[in-house]
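>>> Mind folding the following:
(one chain, ligands or ions: 1)
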Amino acid sequence: MVYALRDECDTMATASGYRNELEREFGKQLFAHVNRHRAFENSDSLRLQTEESALKMQYRKLMAKDSRDEEALYQVFRKLIETRCELADSLGYDSYIELGYRLEGKQDYGTNEIADFRRHIQKYITPAVAEIKAKKMNFRHPPAVPANSRELISAISAMFKDLSYETGTYFEEMMQKELYDLESRENKRGNLFTCCMLPHAKLPFVIGNNTGDGMETGYAVHEFGHGFAFYTAARKQPLWEFHRSSPTVNETHSKTMEHFMFPYLELFVGEYQKEYKRNHLMQQLENLAYRCAIDEFEHVMYDRALSRVQLCELWADISRKYIPWNRIPPEDIRQGKCWPRQTHIVERPFYYVQYDIAQISTYEFYLKMKNNYEQAWSDYMRLCGAGGSKSYSELLEIAHLSNPFAGSTLENICQPIVEELYSLL
Ligand SMILES: [Zn+2]
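Predicted structure coming up:
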């Protein structure tokens, strides 16, 4: 219903003949959003979209079962890929990859830049992580200092109040209106951290868990970071479409907040600050490599039809390249049991790698915090305030961030991070 209204607005805006005037008032990004919404304009696509949703549902059901029926999973998976390719074809796209990129609102970069990005990760990050993994160290999680969700909220409140006037005001309102649920309890989904937006109220709502794991306190701060960015943009940007950007930018907001948390770690993990930082840096570097593996898998998957065993062979090959520490028993390949079960592959193709791109900008913010904290904070505020009102490269410029795809940017940014991790081992 809401989408139908939105589509009507899009159609009116496009047909109005006032495109220039609208762009002058709201910026060019307005029609970039319209363009993304209209990726599906074709009557036959509705049937295929319905089919796609039904297949996703079937897949979820099969995954939720205790004993997995590999062949049934594969059949649904195969059908899903076929449906998506057919959908792209019916809409006149060269491939589903092209449609997938458009649906994700990827702007200013394409498959070539992404392939290059993955190569850089494979070259610089994979060997560093593999070397640390070979040491077989214990990355045990430190316990959380806050004993319950109420104490966790007061720790985050103390951090946000001290961090800046803006974060203090935001958190005050979040507390007053109790816009969070961090309590772990029976029948609540565990290990779920998310931030929803209440567009009408221009307020976020944070859902999390609190099991006493110190690393989890950072996941909660991450979600409140999303909330802060949304809250800030919603007060600066006139259109709802501009209150959030693409995950490439949104995840930079939230991941960077995890680093603004570092000076306050005592509140969250007490004496285990070093362990927290070590685990945090290690987790993120490992994720960089893992997500690139998933991304490459997603690209090849839509490129050619593969049998169950071929799908496993493909995953094994890609794993060896990016995440060699993830050893796959040859037996599992032969039996066709080891293609990745990452839900994003089924739910939202080409989405996951955006976290990696955001991670590079996050590291850049982190390095800036160390060299020029004031500058880092004001750049961060500018990025949050701009929301999704500008294109990706314009937002990078606004926040004085380098383009993660350019030249040796990735290497230059990641090198001191790897060094810092080594100093904490
Ligand atoms: Zn996030």
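>>> show me the contacts for residue 346.
56, 59, 60, 77, 80 (C-beta atoms under 8 Å, 6 or more residues apart in numbering). (Glycine included, C-beta is placed from N, CA and C.)
>>> What values do phi and psi take at the first one?
Residue 56 has phi and psi values of phi -60, psi -40 when expressed as degrees, to the nearest 10.
>>> Repeat that for the second one.
Note on residue 59: its backbone torsions stand at phi -60, psi -50 [degrees, to the nearest 10].
>>> measure the spatially most central residue of the chain to residue 91 for me?
For the chain, the residue sitting closest to the mean C-alpha position, by C-alpha atoms, centre = their mean, is residue 355 at 3.9 Å. From residue 355 across to residue 91, the span is 27 Å (C-beta to C-beta, to the nearest Å).
>>> One more: residue 260?
Per C-beta to C-beta, residue 260 is found 42 Å from residue 91.
>>> From the chain's centroid, how far away is the lengthiest helix in the chain?
Using DSSP state H, we find that the single longest helix of the chain is helix 273-301. In terms of C-alpha atoms, centre = their mean, to the nearest Å, the gap separating the centre of helix 273-301 from the centre of its chain is 12 Å.
>>> what do you get for stretch 414-425?
With C-alpha atoms, centre = their mean, you get 23 Å for stretch 414-425.
>>> What of stretch 142-155?
Taking C-alpha atoms, centre = their mean, one finds stretch 142-155 lying 25 Å from the centre of the chain it belongs to.
>>> residues of it that come out buried?
Buried residues in stretch 142-155, defined by neighbour count with 16 or more other C-beta atoms under 10 Å: 142, 144, 145, 146, 149, 152, 153, 155.
>>> so the fourth one touches residue 214, yeah?
No - here residue 146 does not reach residue 214: they are 9.5 Å apart, not a contact under C-beta atoms under 8 Å.
>>> who touches both of these two?
With C-beta under 8 Å, 6+ apart, residue 146 and residue 214 have common neighbours residue 268.
>>> which stretches of the stretch 151-300 of the chain form strands?
Secondary structure of the stretch 151-300 of the chain (DSSP state E, counting those that start in this stretch): strands located at 180-181, 194-198, 203-207.
>>> again, but for the stretch 1-150 of the chain
Going by DSSP E, counting those that start in this stretch, the stretch 1-150 of the chain shows no strands.
>>> Identify the bridge partners of residue 195.
In this entry, residue 195 is beta-bridged to residue 206, by DSSP bridges.
>>> mind listing what it touches?
Residue 195 neighbours (C-beta under 8 Å, 6+ apart): 204, 205, 206, 207, 223, 224, 226, 227, 230, 254.
>>> Out of these, which is nearest to residue 333?
Nearest to residue 333 among these is residue 254, at 36.3 Å by C-beta to C-beta.
>>> Please name the residues that touch the closest one.
195, 222, 223, 225, 226, 229.
>>> Just give the nearest non-adjacent residue to residue 120, would you?
Using C-beta to C-beta, 6 or more residues apart in numbering and skipping the chain neighbours, the partner closest in space to residue 120 is residue 410 (4.5 Å).
>>> Identify the residue nearest residue 145 in space, chain neighbours excluded?
residue 270 (4.7 Å).
>>> related to what we said a few turns ago, which of the buried residues of stretch 142-155 sit farthest apart?
Greatest spatial distance in these: 142 and 153, 19.6 Å, computed using C-beta to C-beta.
>>> quick one: pLDDT of residue 2?
On pLDDT, residue 2 comes in at 69.
>>> again with residue 191
Residue 191 carries a pLDDT value of 80.
>>> Do I have it right that it meets residue 209?
Yes - here residue 191 reaches residue 209: they are 6.3 Å apart, a contact under C-beta under 8 Å.
>>> From residue 8, how far off is residue 312?
Distance of residue 312 to residue 8, computed by C-beta to C-beta: 46 Å.
>>> contacting residues for residue 267?
For residue 267, the residues meeting the contact criterion (C-beta under 8 Å, 6+ apart) are 145, 146, 155, 158, 159.
>>> Nearest to residue 265 among the contacts of residue 254?
Nearest to residue 265, judged by C-beta to C-beta, of these is residue 222 at 14.3 Å.
>>> still on that earlier bit, can you redo the contacts of residue 195 as a markdown table with distance to residue 27 and pLDDT?
Below are those laid out as a markdown table (distance: C-beta to C-beta, whole Å; pLDDT from 0 to 100):
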| residue | distance to residue 27 | pLDDT |
| --- | --- | --- |
| 204 | 24 | 97 |
| 205 | 28 | 97 |
| 206 | 29 | 96 |
| 207 | 32 | 95 |
| 223 | 28 | 97 |
| 224 | 28 | 98 |
| 226 | 23 | 98 |
| 227 | 24 | 98 |
| 230 | 19 | 97 |
| 254 | 24 | 98 |
